[in-house]
Every structure is written in structure tokens, then in C-alpha cells.
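K.L.:
task: produce atomic coordinates for the following.
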Amino acid sequence: QVQLVESGGGLVQAGGSLRLSCVASGRIFSINRMGWYRQAPGKQRELVAIITRGGSTNYADSVKGRFTVSRDNAKNTVYLQMNSLEPEDTAVYYCNAELQTTGGDRLYLYWGQGTQVTVSS
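P.N.:
Next up is the predicted model:
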């Protein structure tokens, strides 16, 4: 019923930039929070950044000042602009969305399939 599809990952040198996108599609009535998480090999999935429908944001300390999360509510899309990338940023990046489906009466959390970001030193 609902799909989240990430794009924009890839291989970049340290100090470089990437922009991730995540589009939510399907029987969507409204989207509350949207966010980005990442999981490096051997580590737990961790929060990178979240953004509310109204545009309030929250970031992990490790990415503050380097990453910027934004969204386009009309397109059901969330973005993550990543600058000054470091090898420690290497991970699979996942987006999620807390949303209500058409005809539904509750908020559920949906996840994308992930996109690989690799930063070489």
C-alpha cells in the first residue's frame, strides 16, 4: 500500500557531498514525521536526522553542521544534503515516514529499503 524509495547514494571521497532523496507513494492520507537513519557494518541503526511536517528538525550530534534535512510535503519527499563527508559516515541510509494511509485511522511507521553511502579516505 505504501512504498518509500531512497536514491542518491554512492561512492564519494572524504570532504565531498551527496544528496539523498526519499519518495513516499501509495495510499497516503498524511505524513507526520520523516527521517533518516543509518546502519554501518556491525553497528546498530542510528538516527541521523528527522523533520516534522511543519519543518522542525533534529540531528545526531555527529552530523550537526554538515547534514541538512528538508522535505517537500506536496511531493511526499524528504531529502538529506550531506556535506563534508567523512569515512565514518559510510553506512546504509534508510528513510522512514510516520504516516496515515487513506481510510486508516492511525499513524504507522514505514521504512525504505536503504541506499549505500561509501566515503573513501
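K.L.:
quick one: mean pLDDT for stretch 100-108?
P.N.:
Model confidence over stretch 100-108, given as mean pLDDT, is 90.
K.L.:
just stretch 33-52 next, same as before
P.N.:
Averaged across stretch 33-52, the pLDDT comes to 97.
K.L.:
quick check: end-to-end length of it?
P.N.:
4 Å (C-alpha to C-alpha, to the nearest Å).
K.L.:
quick one, phi psi at the residue located most distally from the centre of the chain?
P.N.:
In the chain, counting by C-alpha atoms, centre = their mean, residue 103 sits farthest out from the average C-alpha position, at 25.8 Å. Phi and psi for residue 103, reported as degrees, to the nearest 10, are phi 90, psi -10.
K.L.:
and the gap between it and residue 27?
P.N.:
Distance, residue 103 to residue 27, by C-beta to C-beta, to the nearest Å: 7 Å. All C-beta atoms are positioned from the backbone trio N, CA, C, and that covers glycine.
K.L.:
thinking again about what came up before, now do the same contact list for the residue farthest from the centre of the chain.
P.N.:
27, 29 (C-beta atoms under 8 Å, 6 or more residues apart in numbering).
K.L.:
can you name the helix or strand that the residue positioned nearest the centre of the chain falls in?
P.N.:
Nearest residue to the geometric centre of the chain (C-alpha atoms, centre = their mean): residue 36, 2.8 Å. Using DSSP states H and E, residue 36 maps to strand 28-39.
K.L.:
quick one: end-to-end distance for stretch 46-59.
P.N.:
End-to-end span of stretch 46-59 (C-alpha to C-alpha): 11 Å.
K.L.:
cool, thanks, signing off.
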